[in-house]
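J.: Need coordinates for the following:
(one chain, ligands or ions: 1)
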Amino acid sequence: MSQSPNRQWRLARRPVGMVSETDFEYREEPLPQIGDGQALVRNLYVSFDPAMRGWMEDRKSYIPPVGIGEVMRAGCVAQVLESKAPGLAPGDFVQGLFGWQEYAVAGPGLGAATKIPPGTPLTWPLGVLGITGLTAYFGLLDLGKPKPGETVLVSGAAGATGSVVAQIAKRVIGCRVVGIAGGREKCAWLTGELGFDAAINYKDADWRDQLRRACPGGIDIDFENVGGEIMNTVMAEMNLHGRVVLCGLISEYNASKRMLGPYDTILMKRLTVSGFIILDYAPRFTEAVMQLGQWMMQGKLRHVDTIVEGLDAAPEALNMLFDGENRGKLLIKVS
Ligand SMILES: NC(=O)c1ccc[n+]([C@@H]2O[C@H](COP(=O)([O-])OP(=O)(O)OC[C@H]3O[C@@H](n4cnc5c(N)ncnc54)[C@H](OP(=O)(O)O)[C@@H]3O)[C@@H](O)[C@H]2O)c1
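T.: Residues are numbered from 1 along each chain as shown. Below is the predicted model:
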């Protein structure tokens, strides 16, 4: 087995605003030893998610914060090197919250490993068949309840969650899909390769007018990933009894003060707004993975990712989510 050290990033302090490398401590530790019921895994891909910014804050949430001095938490795809855990053998590919490090001990609790079915492309369990794909699936279908012909607006449309929401809405349900994303190239990609009916670049000065022109019959479902000014503008275009799936508010994750939101519009338009955390759907993950996998095989969905090389880039990679430098799922390829 490799004698190389375990390179890792630990949280050094609570960041203020965008993260910087000095919020983390880079360490080289000896390879961990495993006990009964545990396995040693080597990370191959590390997932980058906006939620990580929230996990660094010391506040009550759906999952405990990452402690100062702990390895930064992240979903990963890894390969088993050594195992004393039932059902896991060297060579198996697994996924779990193994963190920003090269090697990890998989065991019960937060670091549990789930086997990846043979033949699955290794980036899919962190993207279209992972948390972001599941979020798209349940958020759109269970809460948005889309019907063919309805207009679905997706903010953060070129990202991991948004791009899957839009593909399901368009190609599986038959909705009219309008996306909001940052940059002309991203928008051209959304309408060209992903088949959106329209895409609006929120960095254009006249993006609000573009939005109104792109949704002449109003908006039936807002799949909201961004919040703030974008959400306010979208809400004004909602149709009566529209559904707002409040998935995320990325525009506010680095802000010290959060805005209150467009509650007046929700009231006047009798909108249904459903906040959700994907972990609530854990008992139905298998159902969703089977269905998403089938849509992939039928060519209805495409897995899209942006892959950065090397664990050294972890702190910078996290900021790429907030600068919009990713298309689809952002991953680090460790080795
Ligand atoms: N509720 C849940 O259980 C759940 C689960 C997973 C994800 N989420 C939420 O879903 C959203 C998307 O997450 P993801 O993992 O799929 O990330 P992602 O969309 O792949 O990446 C984030 C994207 O957000 C856009 N963005 C960043 N800052 C922005 C700003 N200030 N204004 C407008 N757009 C901005 C950027 O694209 P542009 O170039 O377009 O700016 C960036 O590429 C997040 O809000 C996340 O918290 C929620």
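J.: Residue numbers of the stretch 1-150 of the chain in contact with the ligand?
T.: Counting by CB under 6 Å from any ligand atom, the residues of the stretch 1-150 of the chain close to the ligand are Asp49, Pro50, Ala51, Ile131, Thr132, Thr135. C-beta coordinates here come from the backbone N, C-alpha and C atoms, glycine included.
J.: Where do the helices of the stretch 51-200 of the chain begin and end?
T.: With helices called from DSSP state H, counting those that start in this stretch, the stretch 51-200 of the chain shows them at 51-55, 131-138, 160-167, 184-192.
J.: and these, which is most packed in?
T.: Highest mean neighbour count among the helices of the stretch 51-200 of the chain (mean count of other CB atoms under 10 Å): helix 160-167, with a mean of 29.
J.: Ramachandran angles for the nearest residue to Leu11 once chain neighbours are set aside?
T.: Closest residue to Leu11 apart from its sequence neighbours, by CB to CB, 6 or more residues apart in numbering: Val66 at 5.0 Å. Backbone torsions of Val66, given as degrees, to the nearest 10, read phi -70, psi 130.
J.: list the contacts for Val66?
T.: Contacts for Val66 (CB atoms under 8 Å, 6 or more residues apart in numbering) come out as Leu11, Trp55, Met56, Met72, Arg73.
J.: Same question for Val244.
T.: Ile221, Asp222, Glu224, Met235, Met238, Ile266, Leu271, Thr272, Val273, Ser274.
J.: Of the residues you listed, which is the most crowded?
T.: Ile221 (28 neighbours; other CB atoms under 10 Å).
J.: In this structure it contacts Lys147, no?
T.: No. Here Ile221 does not reach Lys147: they are 9.4 Å apart, not a contact under CB atoms under 8 Å.
J.: still on that earlier bit, indicate which one of the helices of the stretch 51-200 of the chain is closest to Ala255.
T.: helix 51-55 (10.6 Å; CB to CB).
J.: Need the contact partners of the closest one.
T.: Against helix 51-55 from outside (CB under 8 Å, 6+ apart): 15, 19, 61, 63, 65-66, 72-74, 253-254, 318, 322.
J.: So what's the residue count around the closest residue to Ala112 other than its chain neighbours?
T.: Leaving aside its chain neighbours, Ala112 sits nearest to Gly96 (5.7 Å; criterion: CB to CB, 6+ apart). Counted with other CB under 10 Å, residues neighbouring Gly96 total 20.
J.: Quick check: Gly96 vs Gly228, distance?
T.: 33 Å (CB to CB, to the nearest Å).
J.: got it, and Gln167?
T.: As defined by CB to CB, Gln167 lies at a distance of 25 Å from Gly228.
J.: And for Tyr281?
T.: In terms of CB to CB, Tyr281 sits 26 Å off from Gly228.
J.: and Asn239, what does it touch?
T.: Residues counted as contacts of Asn239 (CB under 8 Å, 6+ apart) are Gly217, Gly218, Ile219, Asp220, Lys269.
J.: now do 7 Å
T.: Shown in contact with Asn239 (CB atoms under 7 Å, 6 or more residues apart in numbering): Gly218, Ile219, Asp220.
J.: Surely Tyr253 is in contact with Asp49?
T.: No. If you go by CB atoms under 7 Å, Tyr253 and Asp49 don't touch, sitting 10.8 Å apart.
J.: quick one: which of the two has more around it?
T.: Taking other CB under 10 Å, Tyr253 and Asp49 do not tie; Asp49 has more neighbours (23 against 19).
J.: I'd like to know how far that one sits from Gln101.
T.: With CB to CB as the criterion, Asp49 and Gln101 are 17 Å apart.
J.: for this protein, what's the longest helix?
T.: Counting residues, the longest helix found in the chain (DSSP state H) is helix 285-297.
J.: quick one: it near the ligand?
T.: No. Between helix 285-297 and the ligand, judged by CB under 6 Å from any ligand atom, nothing touches; the nearest distance is 12.4 Å.
J.: Give me the contacts around that helix.
T.: Helix 285-297 has contacts (CB under 7 Å, 6+ apart) with Val128, Leu129, Gly133, Leu134, Tyr137, Phe138, Val172, Leu301, His303.
J.: The following helix or strand past that helix pairs with which strands, and in what direction?
T.: Remark: after helix 285-297, the chain's next helix or strand is strand 305-309, criterion DSSP states H and E. With DSSP bridges as the test, strand 305-309 is paired with strand 329-333 (parallel).
J.: Pull the residues that contact the partner strand.
T.: Identification of contacts with strand 329-333 by CB under 7 Å, 6+ apart yields 45-48, 123, 126-127, 132, 160, 304-311, 313-314, 317, 320-321.
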